[in-house]
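Chemist: okay, here's the prediction I keep looking at, along with the sequence it came from:
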Amino acid sequence: MLGIRVAEVHDDGLSVEMDVRPELYNFYGVLHGGASASLLDAAMGIAITHHFPGKQTATVELKINYMRPVSEGKLTARARFIKTGKTLIVGEAMAYREDGKEIARALMTYILLAGPEA
């Protein structure tokens, strides 16, 4: 529904992209914070799925700082692993406008689950 797509796979994470569309605006005519939060969360979730095949993951904690609004163009979110353990992964993701300015940064923790039966 948000149109998130993988842009690039990195050794320590992954980048995704999303187009800013009017249906994703808040009351003030800028991208809703929930849409950018979903972009950041998806970046890390997809990165974990790619780098840890056969494992399921779930978000344990997500803390976001919003830097500036955005109302048009394409966003890119870069997720990077900070610490990977047997069951928990700590990472960060940054979202950027097309002009390279950061719009949001998240610190997040995910749990690795064994598989569908977990």
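Modeler: Noted; the coordinates are in hand. Residues are numbered from 1 along each chain as shown.

Chemist: tell me which element Ile48 is part of?
Modeler: Element membership of Ile48, judged by DSSP states H and E, is helix 33-51.

Chemist: and that helix, C-alpha only, in CSV?
Modeler: Backbone C-alpha positions of helix 33-51 (Å, rounded to 0.1, in the frame of the first residue of the first chain) are rendered in CSV as follows:
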residue,chain,number,x,y,z
GLY,A,33,4.8,10.4,10.5
GLY,A,34,3.3,6.9,10.4
ALA,A,35,4.2,6.5,6.7
SER,A,36,7.9,7.4,7.3
ALA,A,37,7.9,5.2,10.4
SER,A,38,6.7,2.3,8.3
LEU,A,39,9.4,3.0,5.7
LEU,A,40,12.1,2.9,8.4
ASP,A,41,10.6,-0.2,10.0
ALA,A,42,10.3,-2.0,6.6
ALA,A,43,13.9,-1.1,5.7
MET,A,44,15.2,-3.0,8.7
GLY,A,45,12.7,-5.8,8.5
ILE,A,46,13.5,-6.5,4.9
ALA,A,47,17.2,-6.2,5.6
ILE,A,48,16.9,-8.9,8.4
THR,A,49,14.8,-11.1,6.1
HIS,A,50,17.5,-10.8,3.4
HIS,A,51,20.5,-11.3,5.6
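
Chemist: once you drop chain neighbours, what's closest to Ile82?
Modeler: Distances taken as CB to CB, 6 or more residues apart in numbering put Val90 closest to Ile82, at 4.7 Å, once the chain neighbours are dropped. Any C-beta I mention is one placed from the backbone N, CA and C, and that applies to glycine too.

Chemist: and the one you found, how far is that from Arg21?
Modeler: For Val90, the distance to Arg21 equals 31 Å [CB to CB, to the nearest Å].
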